[in-house]
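**Q** Next one to model:
(chains A, B and C)
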Amino acid sequence: MIKERKVNITPDMTWRELTPGGVIQDAGNAEDFKTGDWRSMRPVWNTEKCKHCLLCWVVCPDNSIKVEDGKMTGIDYDHCKGCGVCTAQCKFGALDYVPEE
Amino acid sequence: MAKRVSLSGNEAVAQAMRQINPDVVAAFPITPSTEIPQYFSQFVANGQVTTEFVPVESEHSAMSACIGAAAAGGRVMTATSANGLALMWEMLYIAASSRLPITLAAVNRALSGPINIHNDHSDTMGARDSGWIQLYGENAQEAYDNFIMAVKIGEHPDVQLPVMDCFDGFITSHAVENLEMLEDEEVKAFVGENRVAPYALIGQEPVSMGPLDLPPYYFEHKRQQAEAMKNAKRVILEVAAEFEKLTGRKYGLFEEYRMEDAEAAIVILNSSAGTAKAVVDSLRAEGKKVGLIKIRVFRPFPAEELAEALSKVKAVAVMDKADSFSAAGGPVFTEVRSAMYGRADGKIVVSYIYGLGGRDVTTNQIEKVYNDLFSAIETGKYEVYNYVGVRE
Amino acid sequence: MAKLVEIRWHGRGGQGAKTASLLLAEVAFNTGKYIQGFPEYGPERMGAPITAYNRISDEKLTIHSNIYEPDYVVVVDETLLKTVPVTSGLKKDGAIIINTSKDPETVKKELNFEGRVYTIDARKISEETIGAYYPNTPMLVAVVKVSGIIPEDVFLNDIEASFKHKFANKPHVVPKNMEAVVRSLQEVKGL
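**A** Now for the predicted structure:
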């Protein structure tokens, strides 16, 4: 879920509306930028095989393995770029790597 | 109450810094600006200021530290000259485009080479398009006054830009002259105890600064910068009016000296303007209609105002203490002539390059320029691009 | 005194000619004058000939060039007489003041200058009073006396205050410097 931003900077804003010098008033706004459509391959999670070791969470460069209370809960496809690092390291066959359709 | 003092330009600016008591001063020594951080570091050591003094290993680092400290929300200052300013180059642009009101005492010196430590304006003229406001001053008094006003101009909400206080190396920086200093409390009240930064890296609402600015945004940010520079012209005059109330000393975008009914005028900046005033007085005593315009604000450039001030003269010589090597005239000349186009047409407008690398600028040289102008008015014959004071 | 007095100092790097010019500016400033004191920076080496300047005026000063037609020339090191054209541009009704043990008549014969010539043995005075060779105090005193820029009594009070301030950490040298001042006022010889 996207937090309410002080200024949601978008490419249709005029120079009068943009913050001076490109200041980003809200730290951590990378979340606003959806990179999920960069994927050509996608990781698919098999809940039955998953041991919740969370090594996939450790290696994911985009913070796209969702975790709650020490357990994996899913994949953030809004931001996962489909690099496949999580699937390559999984020792339990709990992450498949399949082409995007 | 103002104090009557005798100080060198560098001492005067260091005193202004002490009175302002900024959060951070980061500087690297270079002749002829060295004395400013030298005196100031004594104030720090003596506990006369609470400033964090950052001795860095280069001017690039000095400006980088200033940018970091200003981004954090601080009131920040430095000083440099010539090659030091050149080493700051990429950071100058970053300071301006990040909209950080840093105050820089730019003690004018020839930007080598051949290597030369003496005065001309090739350093700050080169930095004229970096996005900094540039104020120029004739003597120690103006260097001091401009430095104090620079803080208030740069920090104004409609401006948020860095400011250079430019004055002549050695001629102003190292010469002892009379000036009037404000009381410490007056300076503090004038500039305000602390900078009020609209955005800062630290504090209750920390922000991110200096993001990668790709084509969808960069152009808009440059347009903002242009607007800030336009606003600066108004703010500079507002700050000057407030300063006049405090000190009685009047500052504008430029100074007009005996321009009423002048037929031949010189446009010039910094210390040589004082020498030229003496020439104007002596030629006026002979009945010659001569006048002088001393540009104080070069960035933003007072184009309309200058054209208006020059609208009644017959001939103008724009004197540059730097050549832009366009083979067509100096940088101030180019801008003044461009400002006159369509606003004050039909004048003789010529360029004189003078005083490079510390060549002494004498009354004789200035007198020659006025004489050349009168000859041009009479005969209609003249060269546009001239050097004066050079061995031919 | 004339409205504007222009003074040119000749010395060698390290001898204090620049300091003397700044001191003179300070002393004149304290009497309410408009002042300029500035050196001409060259290769900054110990012993190299250097030039420094003063403008002292009742009116605001705007000229920022060097001085080419001085009212007074001060030569802090007499060996410069052989190598530097010290009288260049010196006004005929002006004067030159030289640090030398010679008398003014002898020096005048060596100089190509028609105007007034003054000498002072700054080395002797300095060594006998201060105890070391600091020529700038005697030379400063000589130029004050010869030019009449400042009344002597005003100058004496002012310079003592300056010394007390300058030597706050070693007050015992103040009387020695004042002795040098008093002797210098007496021992300037002129034609």
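
**Q** Longest helix of chain B, counting residues only.
**A** helix B:215-247 (DSSP state H).

**Q** and the following helix or strand past it, which strands flank it?
**A** The helix or strand immediately downstream of helix B:215-247 is strand B:254-257, counting by DSSP states H and E. Its sheet considered, strand B:254-257 pairs with strand B:290-295 (antiparallel) by DSSP bridges.

**Q** Near B:D345, how many other residues are there?
**A** 9 (other Cβ atoms under 10 Å in any protein chain shown). In this view, the C-beta of every residue, glycine as well, is placed from N, C-alpha and C.

**Q** tell me the pLDDT at A:N8?
**A** With respect to pLDDT, A:N8 scores 79.

**Q** Next: B:M1.
**A** Note on B:M1: pLDDT of 67.

**Q** Quick check: chain neighbours aside, which residue is closest to B:E155?
**A** Computed as Cβ to Cβ, 6 or more residues apart in numbering or on different chains, the closest residue to B:E155 that is not its neighbour in sequence is B:P101, at 4.6 Å.

**Q** Between the two ends of stretch B:309-322, how far is it?
**A** Length of stretch B:309-322, first residue to last, Cα to Cα, to the nearest Å: 23 Å.

**Q** Report whether it contacts chain C.
**A** No - residues of stretch B:309-322 are not located near chain C by Cβ under 8 Å from any Cβ of the partner chain, the shortest gap being 12.0 Å.

**Q** how much space between the residue nearest to B:E155 and C:H64?
**A** According to Cβ to Cβ, to the nearest Å, B:P101 and C:H64 sit 30 Å apart.

**Q** and what of B:G355?
**A** Applying Cβ to Cβ, the value for B:G355 to C:H64 is 10 Å.

**Q** Is it correct that B:Q19 is in contact with B:K188?
**A** Yes - look at B:Q19 against B:K188 with Cβ atoms under 8 Å: they come within range, at 6.8 Å.

**Q** With neighbour numbers in mind, choose between the two.
**A** Using other Cβ under 10 Å, the more surrounded residue of B:Q19 and B:K188 is B:Q19, with 23 against 14.

**Q** Spatially nearest residue to that one (excluding sequence neighbours)?
**A** Spatial nearest neighbour of B:Q19, excluding adjacent residues (Cβ to Cβ, 6+ apart): B:V187 at 3.8 Å.

**Q** Need the pLDDT of the one you found.
**A** B:V187 is given a pLDDT of 98.

**Q** Briefly note if the helix or strand bottoming out on mean pLDDT in chain C comes near chain B.
**A** The helix or strand of chain C with the lowest confidence, counting by mean pLDDT, DSSP states H and E, is helix C:152-166 at a mean of 89. No - judged by Cβ under 8 Å from any Cβ, helix C:152-166 makes no contact with chain B; its nearest approach is 12.1 Å.

**Q** got the contact list for B:E220?
**A** A:M13, A:T14, A:W15, A:L18 (Cβ atoms under 8 Å, 6 or more residues apart in numbering or on different chains).

**Q** Contacts only, for the residue lying farthest from the centre of chain A.
**A** Within chain A, A:R16 marks the point farthest from the mean C-alpha position, 31.9 Å out by Cα atoms, centre = their mean. Shown in contact with A:R16 (Cβ under 8 Å, 6+ apart): B:Q224.

**Q** State the distance from it to C:L140.
**A** For A:R16 relative to C:L140 (Cβ to Cβ), the value is 63 Å.

**Q** just C:L80 next, same as before
**A** 18 Å.

**Q** ok, these two, which is more surrounded?
**A** Each of C:L80 and C:L140 has its neighbours counted (other Cβ under 10 Å); C:L140 has more, 26 against 19.

**Q** surely that one meets C:A20?
**A** Yes - counting by Cβ under 8 Å, C:L140 does reach C:A20; the two are 5.0 Å apart.

**Q** Looking at chain C, which residue is nearest chain A?
**A** Residue nearest to chain A within chain C: C:H64 (38.7 Å; Cβ to the nearest Cβ).

**Q** Next, count neighbours for that residue.
**A** Neighbourhood size, C:H64 [other Cβ under 10 Å]: 26.

**Q** again, but for the one 4 residues further on
**A** Here the neighbour count serves as a burial measure; for C:Y68 (other Cβ under 10 Å) it reads 14.

**Q** Just confirm it is within a strand.
**A** No - assigned with DSSP: H, G, I helix; E, B strand; the rest coil, C:Y68 falls outside any strand and is coil.

**Q** got a list of what it touches?
**A** Residues near C:Y68 by Cβ under 8 Å, 6+ apart: B:T362, C:S88, C:G89.

**Q** Local confidence estimate at the closest residue to the second one other than its chain neighbours?
**A** Ranked by Cβ to Cβ, 6+ apart and with sequence neighbours excluded, the top spatial neighbour of C:S88 is C:Y68, at 7.9 Å. Model confidence at C:Y68, given as pLDDT, is 97.

**Q** How much space separates C:Y68 from C:T31?
**A** As judged by Cβ to Cβ, C:Y68 and C:T31 stand 26 Å apart.

**Q** all helices of chain B, in order?
**A** Along chain B, the segments classed as helices by DSSP H run B:9-20, B:35-45, B:59-71, B:82-87, B:89-97, B:122-126, B:140-155, B:184-191, B:215-247, B:272-285, B:303-309, B:331-340, B:363-379.

**Q** Over to chain C?
**A** Along chain C, the segments classed as helices by DSSP H run C:17-30, C:104-110, C:122-129, C:136-147, C:152-166, C:173-187.

**Q** got the residues of chain C near chain B?
**A** Counting by Cβ under 8 Å from any Cβ, chain C sits next to chain B at C:22, C:25-26, C:29, C:34-39, C:41, C:60-66, C:68.

**Q** from the residues you listed, which would you call buried?
**A** Buried subset of the residues of chain C next to chain B (neighbour count, 16 or more other Cβ atoms under 10 Å in any protein chain shown): C:22, C:25-26, C:29, C:34-39, C:41, C:61-66.

**Q** Could you tell me which of those residues belong to strands?
**A** Counted as lying in strands by DSSP state E, out of those, are C:Y34, C:I35, C:Q36, C:G37, C:F38, C:P39.

**Q** Would you mind listing what in chain A touches chain B?
**A** A:9, A:11, A:13-16, A:18-27, A:29.
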